[in-house]
Structure formats: C-alpha cells, structure tokens
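J.: what's the 3D shape of this:
(one chain, ligands or ions: 3)
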Amino acid sequence: SATLSNNAPRILATPTAGEIAGEKTMLLAFWVTGFLALAVGIAIGVLQSSNYAGINLYPYLQPFLKSYYQGLTMHGVLNAYVFTFFTISGWLMYLPARELKLKPNMGLAWFTYALMLIGTLMAAYGMFDNSSSVLYTMYAPLKGSAWFYLGITLVVVASILPLFVVLEMRARWKRANPGQLTPLVTYMSATTLLMWLLAALGAGTEAVFLLDPWSLGMTQTIDPLLARTLFWWTGHPIVYFWLMPGYVSIYALLPRQAGGKLISDPLARLAFLLLFVFSLPVGTHHQYTDPGISPVIKGIVTALTLSVAIPSLITAFTIALSLEYGGRRRGGKGLMGWWTALPWKDPSVAAQVLALVSFIFGGAGGIVNASWQLDNVVHNTLWIPAHFHLTVGTMTTLVFMGVSFWLLPHLTGRKLYSSKLALWSVWLWFLGLMTWGFAGHWAGMDGVPRRAWVSSLPHDQYMQLYGAVHPALIIVGIGGVIAALGAVLYYIVFFGTLFGQKDSKAMVEIPFTEYITSSEGSLLARVAEPLGLWTLITFVITLAVYIPVFWPMLTHPIHAPGFVLW
Ligand code: HAS
Ligand code: HEM
Ligand code: CU
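T.: Ligands and ions are numbered 1, 2, ... in the order given. Got it, this is the predicted structure:
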C-alpha cells in the first residue's frame, strides 16, 4: 500500500485455496493433453522398432497410416513437440508459483493452453490427412500442407508464453524481497524459458518467413540450406528445453524424495546458466555433413558442443553425491551400500534414478556425435535415434512419468492407483529403452540407416542388406515391445489415478529439497542472478557464431521447388 516506504518489503497476496485449486486444474489440463499425445506416439514407436526387426505392420494399418513416413512424422511431432511442450509449459509455470507462493497470470496460462491446443489440432490434421509426411525436422524441399506448418507455428508461439508468466511472478517477488536471490526453482524455470525464447527465434523465422508463405502459395521456391540452418538454430537448444525441466525435478525435488538434500544450490545455478549460454550457438553440429558451412565454423562448433556437456557432467557429480547422501542417511554402508539403500520401492524415485543411469549412455553417445570426425561414422544411422531415446526418452519422458506418480495425486487429491504397477512400468520402460538404445547404437555403427522403411523390402533383399546385423535389429524390435508394455502399465496407473478414489491423504506436498550449501553469500549465485544480462550475452555469442554461417547463404540463395515424395 501507499503508506509503505520504498525499501520495506511489501506484503504479497498469497493465493487462496480456491485459486490454488484453479492452478492445479490448469496444470492437469496441460499434463493430460501431453500424455494423451504421448500414448499415440508410443503406439507408433512400436511399429517403427518392429520395422527395423524386419516386421512390416503397415499393410494392416490401412487406411490409417498410409506409409511408414506418415507414422514417423506423427511419432516425432506428437512425442517430441506436443508431449514435451504441453507438460513442460504447465510444469514451469506451476512450480515457481508454488515456490514463490504467488498467483500466476491465469489468463495467460490458459491462453497458452488454448493456443497450443489449436496449433496441435491443425498440425494433427495435416499429418492425419497424409499431406505432410515431412518428418518432425520439416526439411525442405519436402513440402507439407499449410495446416501442418501453421499449426506448428502456433504451437511454438504458445510455448514462448510461459516465460512471461514466470518473469512477471519473479519481478513481483523481487519487488517484495529487494536484494534477494531468486529462489532456485524459479531461477531454473526462468533460465530454461529464456533459453527457449532465444532458441525459438530460428524455427520461428523459418516458419514465418519460409515455410508458411511457401505452403500458402505466396512463394514458389524455398532455400533448403537456409531452412535447415534456421531449423537447427532451434533444433539443438530444443533438446535442452526437454532436458532442463527434467533437471528441475532431479535437482530440486529428487534429493528430498531420496531421503537427502541437494549438495549445492549455487552449483545447480551454474549448471543451468551454462546450459543457457552454450545451448544456443551449437545448432550446426547437426549439419557437419551439410555443404555450405565453413569447416572453420564446424571446428568451433565442435569445441562449443563439447562445452555444453560440462553442465551435465556437473549435474552427474552433484546429483550422484546428493543421492549418496540420501542413501547413507537411510542407513547405506560401505562403497555402494547407499545405492541399494535408496528408496527403490518408490516408483517416482526409481523412475528418476533409472533415467539418470540411462542418461550416462545417452550423454556419452552425444559426446561421440559432437566430435565432428566421429559423427561422420554415425550420422543418419540408427545410432542417432538410439542416442535420443536414451536422452529425451528417459531424462524427459521417464522423469516426467516418475514425477506424475506424486504430481497426479497432488493435483487431483486421488490416490496413486497402484504403486506396484507403477514400479513395473518404470522398470519395463527403462529396460525396453536401454535394450533398443543399445542395439540401435550397435546397428547404427554397422551402417543401418535411420528413417528407412526397411521392412517393406522383400525379405531376401532385407537380409542381403542388413543380415550381418540382423541380431541387433531383432533386439531393437524386442526393446520396443518391452518399452511399450511398460507404457501400457503406465497408462493403467495414469487413468486409474485420474478416475480413482478421492483420498484426503493423497494430497501430497511438493517435495522441495533442502540444500547442504545454500546460495547465501555465494558469489557464483550473485553472478548468475542478472538474467537480462545473461540473455544479452548469450544472444551476442549466438550471433557471433551464426552471422558467418548465414552470410554466405544470404548472398548465395538457392531456389528449390517443393517435393511430395509420399
Ligand atoms: Fe543429442 C542429435 C550431441 C544431449 C537429443 N540429440 C540429437 C538428436 C536428438 C538429441 C533428438 O553433436 C537428433 C535430432 C535429429 O532428429 O536429427 N547431445 C549431444 C551432446 C549432448 C546431447 C554433446 N541430445 C542430448 C539431450 C537430448 C538430445 C539431453 C534430449 C533431451 N546430439 C548431439 C549431436 C547430434 C545430436 C552432435 C547430431 C548428430 C547427427 O549426426 O545427427 C550432451 O548434452 C550430453 C551431456 C550428458 C552427459 C551425461 C551426464 C550424466 C548424467 C547422469 C548421472 C547419473 C547419476 C546416477 C547421477 C555428459 C547427468 C548415479 C549413478 C551411478 C551409477 C553412481
Ligand atoms: C524415432 C521407437 C518412444 C521420439 C524412433 C525410431 C524408432 C522409435 C525405432 C527410429 C525410426 C527411424 O529412424 O526410422 C520408439 C519406441 C518408443 C519410442 C519403441 C517407446 C516405446 C519415443 C519417445 C520420444 C520419441 C518417448 C520422445 C519423447 C522420437 C523422435 C524420433 C523417433 C523425435 C525421430 C523421428 C524422425 O527421425 O523423424 N522412435 N520410440 N520416441 N522417436 Fe521414438
Ligand atoms: Cu544438438
């Protein structure tokens, strides 16, 4: 009120019970929509792993999936964009609101949801009518329909909006707590969303200036190299937009769930800050084999990409130590006793720890990809999808499955349907993806291409081409089935909980962790605090790398007509 002096902390209105209930409904809407998309995506995933094992299920799916590529487009878009964007957008608005005890701008939150839903439905229409089997990377000159591109454009625009919800809450909180550091979860959410704002500029530009007008017939040709480069401006950092929200749970909640504390709050901030700065300028590591980008740039990008692994290495050690601390508090003795003493019976903990285990392999594969010379061996082979099923398939999907086991009861006041089934679903998902991941890396090293409808070949031709790695390809198929079984159990638990018994004790609290080293008095945390400055720094570094990439493209434009190959 006006009577308060400027530097006295103003009392902030904490949300009422009714307002909190409204926020919970909002998050539930985001999560249910996201997980529904994932269910469709996963069902198609099994068709794809079977394809590599030599089993062609597509003739039985007429007229729903006209081709492998129609299915693959849906799998990529529904899993990697729709599932992730919905769950992440809700998650990153809701958690800071609870941490700061502030009411988010609910109008904007629901507007985000509505816009994302409209975009999704438009893109889904473009995929279901088989007009847009251009895969989730949308590589021109493959040409999809305007429904598809405009839909994706709306989804991307919607995914930017949660940033403003979070920044507004952070500003309100900072006004009431002058000179204080942003609380950790809010810090993490804000850096993730700021990173994504800069990231989205690439695909946003591609969509608005190249793909949308082209698909609407306003332009006749397209520049494939420029389009790809703009896509990967976004397409690399997007993987950290999938990873960092998982890290929010791993850093800020899991240590508590595992019976311990987070070792260091400032180190967590450092990890997020480094992820922010280094995610942006490295997109062209997806284009090591593309012409038209100078080898000097490719060398610089190799070094920068290896740098973006550093925050994940920091995470590995910080979290391993935090888990060890939890395990020892639970009575674990000796070298590895803490590991077995972790609460493995808690499906939420098991999911997240298993996701971390698989991410060791996903991350190691990423470092191989990052190394320019080595990438030539694995690029465009099955190695690459194997790599990202051990990253986005676990550190995002498995972590969010784990989160949902406490979050759904928290949101609905209903009991988790079955802890035992949940635990089985987690292990099967982990084992299935590890199996397919392992075998996919193997097959890829032996040259099996990704994005190939190999099962449509006559059997003897398939064996002639891929017989030498047939065991690996069979294992890919088996892994897919195991993971899908995990998914079936998961959805039984998911819907069983949503439609299950109300239980007053089910309304669990959010397990915000405590820290051993807090950020009080930490120079590191102070340096990391001015997010506006860090956004500017990141933008400048990104431009420094990308201006020399774009310059030759803009001065030597390519005019390619569109193709529809399906
Ligand atoms: Fe990647 C391609 C490089 C991470 C996703 N990546 C992809 C594609 C996707 C993807 C989707 O440089 C394919 C796109 C397409 O369709 O073409 N990636 C990296 C590097 C990292 C990396 C260097 N990727 C990710 C993450 C993803 C993801 C995360 C999704 C969420 N990736 C590449 C490159 C390509 C690529 C090239 C292009 C390749 C090509 O040829 O096309 C790094 O960020 C990885 C760092 C991670 C680590 C692991 C740390 C380990 C942790 C777990 C610790 C365990 C604990 C448990 C605590 C260094 C944090 C305790 C356990 C005990 C036993 C004690
Ligand atoms: C591609 C299987 C879950 C995202 C693939 C491929 C296979 C596969 C075999 C390679 C297809 C090819 O290169 O021709 C599965 C199975 C799953 C599963 C069996 C679980 C049962 C997921 C999840 C995500 C995901 C949870 C992300 C959240 C992707 C993406 C692609 C892909 C982005 C690349 C599509 C492309 O190349 O255009 N999947 N997947 N998948 N998957 Fe999955
Ligand atoms: Cu990348």
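J.: burial measure for the residue in the chain positioned nearest to ligand 2, as a count.
T.: With Cβ to the nearest ligand atom, the shortest gap between the chain and ligand 2 falls at residue 45, namely 2.8 Å. Backbone N, C-alpha and C define where each C-beta goes, glycine included. By other Cβ atoms under 10 Å, 25 other residues sit near residue 45.
J.: contacts only, for it.
T.: Residue 45 makes contact with 75, 79, 480, 483, 484 under the criterion Cβ atoms under 8 Å, 6 or more residues apart in numbering.
J.: can we see that at 6 Å?
T.: With contact taken as Cβ atoms under 6 Å, 6 or more residues apart in numbering, residue 45 is in contact with residue 75.
J.: report the buried residues of the helix or strand it falls within.
T.: Assessed by DSSP states H and E, residue 45 sits inside helix 17-52. Under the neighbour-count criterion of 16 or more other Cβ atoms under 10 Å, helix 17-52 has 20, 22-24, 26-52 buried.
J.: check stretch 465-473 too.
T.: For stretch 465-473, burial by neighbour count (16+ other Cβ under 10 Å) applies to 466, 469, 472, 473.
J.: in CSV: these, plus pLDDT, distance to ligand 2 and secondary structure.
T.: Output for the buried residues of stretch 465-473, formatted as CSV (pLDDT from 0 to 100; distance: Cβ to the nearest ligand atom, whole Å; DSSP: H, G, I helix; E, B strand; the rest coil):
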residue, pLDDT, distance to ligand 2, secondary structure
466, 95, 13, helix
469, 96, 14, helix
472, 98, 12, helix
473, 98, 10, helix
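J.: can I get those in a markdown table including distance to ligand 1?
T.: Converted to a markdown table, those look like this (distance: Cβ to the nearest ligand atom, whole Å):
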| residue | distance to ligand 1 |
| --- | --- |
| 466 | 20 |
| 469 | 19 |
| 472 | 19 |
| 473 | 20 |
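J.: among those, which one sits closest to residue 191?
T.: Closest approach to residue 191 among these (Cβ to Cβ): residue 472, at 39.2 Å.
J.: give the contact list for the closest one.
T.: Residue 472 touches 439, 442, 443, counting by Cβ under 6 Å, 6+ apart.
J.: kindly recompute the last result at 8 Å.
T.: By Cβ under 8 Å, 6+ apart, residue 472 lies in contact with 439, 440, 442, 443, 446, 448.
J.: hang on, the fifth one packs against residue 470?
T.: When you say that, I think you mean residue 446. No: taking contacts as Cβ atoms under 8 Å, residue 446 lies outside contact range of residue 470: 10.4 Å.
J.: measure the closest residue to ligand 1 within the chain to residue 312 for me?
T.: Nearest residue of the chain to ligand 1, counting by Cβ to the nearest ligand atom: residue 363, 2.3 Å away. Here the criterion is Cβ to Cβ, to the nearest Å. By it, residue 363 lies 6 Å from residue 312.
J.: which one's more surrounded, these two?
T.: residue 312 (22 against 19).
J.: who touches the more buried one in this structure?
T.: 243, 271, 275, 359, 363.
J.: what about the residue nearest to residue 25 when sequence neighbours are not counted, how many residues nearby?
T.: Leaving aside its sequence neighbours, residue 25 sits nearest to residue 411 (Cβ to Cβ, 6 or more residues apart in numbering; 8.0 Å). Using other Cβ under 10 Å, residue 411 has 25 neighbouring residues.
J.: could you check the pLDDT of residue 411?
T.: pLDDT, residue 411: 96.
J.: host element of it?
T.: Assigned by DSSP H and E, residue 411 falls in helix 397-412.
J.: so that helix, near ligand 2 or not?
T.: Yes: remark: helix 397-412 sits within contact range of ligand 2 at residue 397, by Cβ under 6 Å from any ligand atom.
J.: on that earlier part again, run the chain-centre distance for the helix holding residue 45.
T.: Between the centre of helix 17-52 and the centre of its chain there are 13 Å (Cα atoms, centre = their mean, to the nearest Å).
J.: so after it, what's the next helix or strand?
T.: helix 68-76.
J.: and that following helix, anywhere near ligand 2?
T.: Yes: looking at helix 68-76 against ligand 2 by Cβ under 6 Å from any ligand atom, the contacts come from 72, 75, 76.
J.: roughly how far apart are the residue lying closest to the second one once chain neighbours are set aside and residue 449?
T.: Nearest in space to residue 75, with sequence neighbours left out and distances taken as Cβ to Cβ, 6+ apart, is residue 44 at 4.3 Å. Using Cβ to Cβ, one obtains 19 Å as the distance from residue 44 to residue 449.
J.: I appreciate the help and will end here.
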